[in-house]
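Undergrad: no sequence on this one, just coordinates:
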C-alpha cells in the first residue's frame, strides 16, 4: 500500500498568458466501443495539472478517471451509453484553473467535472461550476471550506480536515489514554483545521490538549520544541506535512521526547520514512486511503490498473471512484445532461466504488467519513485499523 505524495495546497497566481496556455484539451478513445455507439456518448471532464510542476499528480488523476472510463466501456452492452473523458489543464495555478473551469463549462458535451488537484483552486472555481449547473467531484482534497458555501453541485470523496482531526483524536484516546497532549500546526495552508478538529475531540473528552501554532516560512524549532516539552505531553500530534513540520522530530528528540507521535495524512508519505528513518519508527498517521490489499472487491481493478499505468496511488484510486459515481448515475437514471446528473446526485443514494461505499450529505461531504491508520514498522508503512467499522476491508 503506497502512501500519497505530499500535496502543497497553496494558491499560485498566473498571468493571463499562462492561463491561455493552459487551455489544452484532449479526450480518451472509446475502449471496445466502436466509433459510433448506438446508445450515444457521455463525456466526463477532468480538470487537473497536465503540465507544469504538478504534472505527475495530474497524471495520477487522469489515469484514474481514464481507467474507470475504459473499464465501463469494456462492459457496456450494444445499446448502452459509451463514456468519454476530456482533459483540461489547470497547471495547478489559480488563474489557469479558473479559465479552465470556464472552458469545461462552455463545452456542452461535458456533464460533470472531476477535479481539481488543489482544494483552493477547486474552491475558487465553485461559483463558476455552480452558475453553469455543473457537478464537480473533488477526488482527493480535504480542504475545509470546499463544502461550506451551500452549493449543491460539489461532492468531496475524502474526509475533510476537521473530521480527520476528530477521528484521529478519538483513536489517540483509545490507544494511549493520555493525560496531556500537544498538537502542532503551522500558519500555512494545511494543518490548522486538522488541529482544530483534534482539539475539539480532546476537549469533548475532557483531556488536556494544547495546540501550538508556529511559523511555516521561518520556524523557530528550538523555541517550539521547548514550548512542547514545557507541557510534558504523553503524545505529540503533528498536523502538517514532513517537508514543513518534520524537522520538529529531531529537535524534540534532543530534548528527550521519545514519543509516541501521531500525525495527519500529510505525513502518510514515503519521504517521512526516507528522511527521518528510525526517528519516526512507531509513528501513527491517519489517511482517507483504505488498504486496498485487504479489500477483495478492489483487487481486479487495482491489478488491471497497475498492469497498465503503474502504482494505484490514492489520487488515482479516488479519481477512479469519482468516475465510477458519474457512470453509476448515468446507468441508473439515463442522465444525459448536467441538470439530470445534479438532480440524481441530490437524492443521496449510496455508490459502490473502488475505495468503498460512498454516500453524501446535503453539503457534499461523505456520510460517516472514515479514515484509516497506518504505522511505521521496520521502516515500512503497515496498516493498523480504521476509525469506524468497515465491511469494505477484511481485517
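TA: That came through, no problem. Keep in mind that this is a model prediction, so the values were computed, not measured. Residues are numbered from 1 along each chain as shown.
Undergrad: can you list the weak-confidence ranges in the chain?
TA: 1-36, 395 (pLDDT under 70).
Undergrad: domain assignment for it?
TA: 16-158+295-358, 161-287+371-386 (automatic domain parsing).
Undergrad: would you turn these into CSV with distance to residue 365?
TA: All C-beta atoms are positioned from the backbone trio N, CA, C, and that covers glycine. Compiled in CSV, the domains of the chain are given as follows (distance: least, C-beta to C-beta, whole Å):
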stretch, distance to residue 365
domain 16-158+295-358, 5
domain 161-287+371-386, 8
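Undergrad: Relative to residue 392, which of the ones you listed is closest?
TA: With C-beta to C-beta as the measure, domain 16-158+295-358 is the member of the domains of the chain nearest residue 392 (4.0 Å).
Undergrad: so what secondary structure elements neighbour the helix or strand harbouring residue 171?
TA: Remark: residue 171 resides in helix 161-176, with elements defined by DSSP states H and E. Using 3 or more C-beta pairs under 8 Å, 6 or more residues apart in numbering; DSSP states H and E, the elements in contact with helix 161-176 are helix 192-204, strand 235-238, strand 261-263, strand 284-287.
Undergrad: Residue 364 contacts residue 145, correct?
TA: No. Using C-beta atoms under 8 Å, residue 364 is not in contact with residue 145, being 11.8 Å away.
Undergrad: could you measure residue 158 against residue 227, distance?
TA: Distance, residue 158 to residue 227, by C-beta to C-beta, to the nearest Å: 31 Å.
Undergrad: What of residue 147?
TA: 33 Å.
Undergrad: returning to what we had before: out of residue 364 and residue 145, name the residue with the larger neighbour count.
TA: Taking other C-beta atoms under 10 Å, residue 364 and residue 145 do not tie; residue 364 has more neighbours (25 against 14).
Undergrad: And that one, how far from residue 89?
TA: Taken as C-beta to C-beta, the span from residue 364 to residue 89 is 25 Å.
Undergrad: tell me which element residue 381 is part of?
TA: Remark: residue 381 resides in strand 380-386, with elements defined by DSSP H and E.
Undergrad: buried set for that strand?
TA: For strand 380-386, the neighbour count (16 or more other C-beta atoms under 10 Å) marks 381, 383, 384, 385, 386 as buried.
Undergrad: which one among those gets closest to residue 346?
TA: Relative to residue 346, the closest of these is residue 386; by C-beta to C-beta it sits at 28.1 Å.
Undergrad: residue contacts, that closest one?
TA: 290, 370, 371, 372, 373, 393 (C-beta atoms under 8 Å, 6 or more residues apart in numbering).
Undergrad: Throw the buried residues of strand 380-386 into a markdown table and include distance to residue 49, thanks.
TA: Formatted as a markdown table, the buried residues of strand 380-386 follow (distance: C-beta to C-beta, whole Å):
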| residue | distance to residue 49 |
| --- | --- |
| 381 | 26 |
| 383 | 30 |
| 384 | 32 |
| 385 | 34 |
| 386 | 31 |
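Undergrad: Just name the closest of those to residue 333, please.
TA: residue 386 (31.3 Å).
Undergrad: distance of that closest one from residue 164?
TA: 13 Å.
Undergrad: hmm, back to that, neighbouring strands of the strand holding residue 381 in the sheet, and parallel or not?
TA: As defined by DSSP bridges, the strand partners of strand 380-386 come to strand 372-377 (antiparallel).
Undergrad: For the strand it pairs with, list every residue counted as buried.
TA: The neighbour-count criterion (16+ other C-beta under 10 Å) identifies 372, 373, 374, 375, 376 as the buried residues of strand 372-377.
Undergrad: what angle do that strand and helix 161-176 make?
TA: For strand 372-377 against helix 161-176, the angle by axes from the mean of the first three to the mean of the last three C-alpha atoms, to 10 degrees is 60 degrees.
Undergrad: chain center to strand 372-377: distance?
TA: Remark: strand 372-377 is offset 18 Å from the chain centroid, using C-alpha atoms, centre = their mean, to the nearest Å.
Undergrad: Distance across stretch 44-59, terminal residue to terminal residue?
TA: This stretch, stretch 44-59, spans 16 Å end to end (C-alpha to C-alpha, to the nearest Å).
Undergrad: ok, and what's touching that stretch?
TA: 5, 7, 22, 24, 61-62, 65, 69, 83-93, 97, 100-101, 104, 107, 110-117, 125, 315, 319, 323, 326.
Undergrad: Now do residue 132 against residue 139, distance only.
TA: For residue 132, the distance to residue 139 - C-beta to C-beta - is 20 Å.
Undergrad: between these two, which one's more packed in?
TA: Neighbour totals were compared for residue 132 and residue 139, and residue 139 leads with 31 against 16 (other C-beta under 10 Å).
Undergrad: Give me the most central residue, this structure.
TA: Nearest to the geometric centre of the chain sits residue 140, at 2.0 Å (C-alpha atoms, centre = their mean).
Undergrad: Helix or strand: which one has the closest residue to that one other than its chain neighbours?
TA: Leaving aside its sequence neighbours, residue 140 sits nearest to residue 318 (C-beta to C-beta, 6 or more residues apart in numbering; 4.7 Å). Using DSSP H and E, residue 318 sits in helix 314-333.
Undergrad: So for that helix, what gets flagged as buried?
TA: Neighbour-count burial for helix 314-333, with 16+ other C-beta under 10 Å as criterion, is recorded at 314-330.
Undergrad: could you say what helices and strands that helix packs with?
TA: Helix 314-333 packs on strand 41-48, helix 55-74, strand 82-89, strand 110-115, strand 135-138, helix 299-309, helix 338-345, strand 351-353, going by 3+ C-beta pairs under 8 Å, 6+ apart.
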